[in-house]
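Student: Give me the fold of what follows.
(2 chains)
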2 protein chains.
Amino acid sequence: MENFTFYAPTYFAFGKDTESQAGKLVKRFLGTKVLIHYGGGSVVKSGLLDRVKKSLEQENIPYFELGGVKPNPRSGLVYEGIKLCKKEGIDFVLAVGGGSVIDSSKAIAAGTVYDGDFWDFYMGKPIEKALPVGTILTIAAAGSEGSGDSVITKEEGMFKRGASGEAIRPKFSILNPALTQTLPPYQTAAGITDIMAHLHERYLTNSKDVEVTDRLIEGLLLTMIHEGPRVIADPNNYEARANIMWAGMVAHNNIVGVGRSQDWNSHNIEHELSALYDCAHGAGLAVTMPAVFKYVYKHDVMRFAKLATRVWGIQMDFDNPEATALQGITALENFLKSIGMPIRFNELGAKEEDIPTLVKMLCYGDGRTGSISGFVKLNEEDCTNIYKMML
Amino acid sequence: MENFTFYAPTYFAFGKDTESQAGKLVKRFLGTKVLIHYGGGSVVKSGLLDRVKKSLEQENIPYFELGGVKPNPRSGLVYEGIKLCKKEGIDFVLAVGGGSVIDSSKAIAAGTVYDGDFWDFYMGKPIEKALPVGTILTIAAAGSEGSGDSVITKEEGMFKRGASGEAIRPKFSILNPALTQTLPPYQTAAGITDIMAHLHERYLTNSKDVEVTDRLIEGLLLTMIHEGPRVIADPNNYEARANIMWAGMVAHNNIVGVGRSQDWNSHNIEHELSALYDCAHGAGLAVTMPAVFKYVYKHDVMRFAKLATRVWGIQMDFDNPEATALQGITALENFLKSIGMPIRFNELGAKEEDIPTLVKMLCYGDGRTGSISGFVKLNEEDCTNIYKMML
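Tutor: Next up is the predicted model:
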């Protein structure tokens, strides 16, 4: 196990009706003038936005509103949010929505107290200061409610890049599983896939002797395999939603990823897909993961065999561990298909002729010099092969 | 799953040589005058105390020292610490040691900023304010490095009682697994047992639909079963020590215990043993747990069968789940014996004729009115039967 630090000071209020605590929690974490940041229709239609406003009003906390966040959130709205926060002296950003809304909120929070262009942070500058952020989560997926990460797409060139920093870890997150019951099945499944991807990105490590985090990741994957189909079968299953929601947070606040190298190749390869085709990130991951894993599994057959046996319940083939490893990847693919996810390139609207563009964005964007690194280092040829495997 | 809140804002520095960060971390968390609180011999002999002092000196942070904490830490030294902190205007308590030292430090931290008798907190008054506490952990066991709990024994009457509060959760904890390599095997095994007990106390629940926390607890138990024997076979196995150390923190900061009722009957029954006989808490738990589990398993046979199959790898007997449940308890007992723990009453120095005294302390101490509550409610007769099963 490698040396590490872990610091996750987010306050979680979890369960039914917890959104009514929004005002009290903003006050607790010293917000006095709030930007409520959200997406669109569903938060308004469901009445959630009104309940949140009411909760702020009960505490006499003034607020401004900025809606319109789209999946794969864009830099344009972030600039708008920063301008508004600076102009009005806003000191707290309250995200009401999913990972996209939260990530956009984090970008606004960091950009408001920074003199330069907020995009600097997404080009690698560490975020050291930000307005406090709180969240009211409406989809279990990104894990942004408990993480110090944010992913934004720059409209100019459609670059999708991430930024990190302790300062943007939410001060509080309100997790009410009931709020996720109205999600369409496709979005629910995309969220499940994103959570499972966060777990795989951490599982694929080159660090030795990391049994405790291996076991925790396996436990979370087993949870997703049990609860995923239950919630797809019955979207109103509060209990399944609750288990998935907590698993999604634990999967990504990094308590199960400490002390080990991580992968993130699947995420990087997928980011170009959702940047170019604006597909759901989770759906992109469903297509990407099996291809990546089939391409790299020989790098550590035993790790993939362990995943196959411990998580997918496949009997170890002691004469042929490779076969076991591959059976595990197939089991993942079948599972994703069974919950309604795409598993082929064209299902995302992706086209073979775009592969050279995707590879160029992937291997040379964001200051990269011809490859991406993770569990395995992948050069242009590797990335081309992986995209082709998705066809 | 039940509604819950979770807030664990402790900064962890984990790995080799991390104790050298003590000074910097005290400064980060605003300590300007420190009480270094510790036990005795080993921390001094190993040179750890000197390294910690050096680290504080490098940051020009003045400090006072108070050693002498014993296992099952006593109220007497807590009063002494409070007096010293008040007199010298100390504003930070730095625990260097195991759970006893940390618990004693938390009591001092709470008592220093309280006008009444600190014991009030251990009689049920919530702790709302305390000096900040930091820890440098020397044994993986109690989980106090990441929890808001403290257990102290009042010398007068030898009452062992717990107190809780967000205010006493450590601001930072330094976890260097190498510091645990010099522990005698018995203490190492007692620590392993304590961690496994924290997991069982959370696993035994009456809440339904708690798959995510079930799976996380199972993963941590599987880790202990894998790493425990490795570290007993080779005390210098840094990697096994590291896995156990992180498991011990995760097992008790409650991230795996949220949203579910918990048990804690084994801890309560054991506390009377270590209070009366001053045995190691972990050793007491090794004797207590199997007896309690055999007494209560019929309350939820399927939960015990799940534990047996998922954690101990026992094949489910579908014609007789009770047999599977019991096989799991036997497997735990055999495991504890195999790492060198006592499993019978007399091995702790406990005596049959003391059982009435133990039961009286247990069922009427601390404002109780004839029973203890957890997974199952246990009255005087039940507790008598359980102590007798340990003979």
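Student: Just confirm A:T357 contacts A:L276, I think it does.
Tutor: Yes - in this structure A:T357 lies within contact range of A:L276 using Cβ atoms under 8 Å: 7.2 Å. For the C-beta atoms, the positions are set from N, CA and C on the backbone; glycine is no exception.
Student: Quick check on the two: which one has the bigger neighbour count.
Tutor: Taking neighbours as other Cβ atoms under 10 Å in any protein chain shown, A:T357 and A:L276 compare with A:L276 leading, 19 against 12.
Student: Please report phi then psi for the more buried one.
Tutor: phi -80, psi -40 (degrees, to the nearest 10).
Student: my read: it touches A:M158, true?
Tutor: Yes - at 6.3 Å, A:L276 counts as touching A:M158 under the criterion of Cβ under 8 Å.
Student: mind checking the end-to-end distance for stretch A:131-141?
Tutor: Separation of the first and last residues of stretch A:131-141 by Cα to Cα, to the nearest Å is 24 Å.
Student: likewise stretch A:197-208?
Tutor: End-to-end distance for stretch A:197-208, by Cα to Cα: 21 Å.
Student: Show me what counts as buried in stretch A:64-75.
Tutor: Along stretch A:64-75, these residues count as buried under the neighbour rule (16 or more other Cβ atoms under 10 Å in any protein chain shown): A:L66, A:G67, A:G68, A:V69, A:P71, A:N72, A:P73, A:R74, A:S75.
Student: Stretch A:323-343 too?
Tutor: Counting neighbours by 16+ other Cβ under 10 Å, one finds that the buried residues in stretch A:323-343 are A:324-333, A:335-336, A:339-343.
Student: to the chain's geometric centre, what's the distance from it?
Tutor: Distance of stretch A:323-343 from the chain centroid (Cα atoms, centre = their mean, to the nearest Å) equals 20 Å.
Student: try stretch A:10-24
Tutor: Remark: stretch A:10-24 is offset 21 Å from the chain centroid, using Cα atoms, centre = their mean.
Student: Same question for stretch A:60-68.
Tutor: Taking mean C-alpha positions (Cα atoms, centre = their mean), stretch A:60-68 and its chain are 25 Å apart.
Student: Let's see the distance spanning that stretch from one end to the other.
Tutor: Distance across stretch A:60-68, first residue to last, is 25 Å (Cα to Cα).
Student: need the residues of the stretch 151-300 of chain A near chain B, please.
Tutor: A:177, A:208-213, A:215-216, A:218-220, A:222-223, A:226-227, A:239-240, A:242-244, A:246-247, A:250, A:255, A:258-259 (Cβ under 8 Å from any Cβ of the partner chain).
Student: Buried members of the residues you listed into PyMOL, please.
Tutor: In PyMOL, a selection of the buried entries from those looks like this (16+ other Cβ under 10 Å):
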select buried, chain A and resi 177+209+210+211+212+213+215+216+218+219+220+222+223+226+227+239+240+242+243+244+246+247+250+255+258+259
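Student: Now intersect the residues of the stretch 151-300 of chain A next to chain B with the helices, please.
Tutor: By the criterion of DSSP state H, membership of these in helices covers A:211-213, A:215-216, A:218-220, A:222-223, A:226-227, A:239-240, A:242-244, A:246-247, A:250.
Student: still on that earlier bit, Serialize the buried residues of stretch A:64-75 to CSV and add fields for pLDDT, secondary structure and distance to chain B.
Tutor: Conversion of these to CSV gives the following (pLDDT from 0 to 100; DSSP: H, G, I helix; E, B strand; the rest coil; distance: Cβ to the nearest Cβ, whole Å):
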residue, pLDDT, secondary structure, distance to chain B
A:L66, 98, strand, 28
A:G67, 97, coil, 28
A:G68, 97, coil, 31
A:V69, 97, coil, 26
A:P71, 89, coil, 26
A:N72, 88, coil, 28
A:P73, 94, coil, 27
A:R74, 95, strand, 32
A:S75, 96, helix, 31
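Student: Among these, which one lies nearest to B:D120?
Tutor: Using Cβ to Cβ, A:L66 comes nearest to B:D120 of the buried residues of stretch A:64-75, at 48.3 Å.
Student: check contacts around that closest one.
Tutor: A:L35, A:I36, A:H37, A:Y38, A:L77, A:E80, A:G81, A:L84 (Cβ atoms under 8 Å, 6 or more residues apart in numbering or on different chains).
Student: try it again with 7 Å
Tutor: If you count contacts by Cβ atoms under 7 Å, 6 or more residues apart in numbering or on different chains, A:L66 has them with A:L35, A:H37, A:E80, A:G81, A:L84.
Student: Sort out which of the residues you listed are buried, if you could.
Tutor: If we count by 16+ other Cβ under 10 Å, the contacts of A:L66 have these buried: A:L35, A:H37, A:G81, A:L84.
Student: Just the ones in strands from these, please.
Tutor: The strands, defined by DSSP state E, take in A:L35, A:H37 from the buried ones among the contacts of A:L66.
Student: filter the buried ones among the contacts of A:L66 down to the ones close to chain B.
Tutor: With Cβ under 7 Å from any Cβ of the partner chain as the criterion, no member of those is in contact with chain B.
Student: which two in the buried ones among the contacts of A:L66 are spaced the farthest apart?
Tutor: Pairwise over those, using Cβ to Cβ, the maximum falls at A:H37 and A:L84, 9.7 Å.
Student: Touching stretch A:167-177 from outside, list them.
Tutor: A:8-19, A:21-22, A:25, A:29, A:106, A:109-110, A:127-130, A:132-137, A:145-148, A:150, A:238, A:241-242, A:245, A:249.
Student: again, 6 Å this time
Tutor: A:10-14, A:18-19, A:25, A:29, A:106, A:110, A:127, A:129-130, A:132-137, A:145, A:148, A:238, A:241-242, A:245 (Cβ atoms under 6 Å, 6 or more residues apart in numbering or on different chains).
Student: for stretch A:277-295, same thing?
Tutor: So stretch A:277-295 is contacted by A:72, A:190-191, A:193-194, A:197, A:265-266, A:269-270, A:273-274, A:329, A:333, A:336, A:341-343, A:348-350, A:386, A:389-390 (Cβ under 6 Å, 6+ apart).
Student: in that stretch, what counts as buried?
Tutor: If you call a residue buried by 16+ other Cβ under 10 Å, then stretch A:277-295 has these buried ones: A:277, A:279-295.
Student: how far does stretch A:104-113 sit from the chain's center?
Tutor: For stretch A:104-113, the distance to the chain centre is 18 Å (Cα atoms, centre = their mean).
Student: what is the mean pLDDT for it?
Tutor: For stretch A:104-113, mean pLDDT is 98.
Student: before we move on, what about stretch A:197-209?
Tutor: Stretch A:197-209 comes out at a mean pLDDT of 98.
Student: Spit out the contact partners of A:T138.
Tutor: Contact analysis of A:T138 by Cβ under 6 Å, 6+ apart lists A:G97, A:G98, A:L179.
Student: How much space separates it from chain B?
Tutor: 18 Å (Cβ to the nearest Cβ, to the nearest Å).
Student: With adjacent residues omitted, what lies nearest to the residue positioned nearest the centre of chain A?
Tutor: Central residue of chain A (Cα atoms, centre = their mean): A:A142, 2.5 Å from the mean position. Excluding the flanking residues, the one nearest A:A142 by Cβ to Cβ, 6 or more residues apart in numbering or on different chains is A:G99, at 2.5 Å.
Student: how many other residues sit next to the one you found?
Tutor: Neighbour count for A:G99, taken as other Cβ under 10 Å: 31.
Student: Show me the contact partners of stretch A:229-247.
Tutor: Contacts to stretch A:229-247, defined as Cβ under 6 Å, 6+ apart, come from residues A:140, A:175, A:177, A:180-181, A:185, A:220, A:223, A:227, A:339, B:1, B:209, B:211-212.
Student: what's the first-to-last distance across it?
Tutor: So stretch A:229-247: terminal residues 15 Å apart, Cα to Cα.
Student: How far off centre is it?
Tutor: For stretch A:229-247, the distance to the chain centre is 18 Å (Cα atoms, centre = their mean).
Student: and if you look at stretch A:63-79?
Tutor: With Cα atoms, centre = their mean, you get 17 Å for stretch A:63-79.
Student: ok, now stretch A:15-32?
Tutor: Centroid separation between stretch A:15-32 and its chain, computed with Cα atoms, centre = their mean, is 23 Å.
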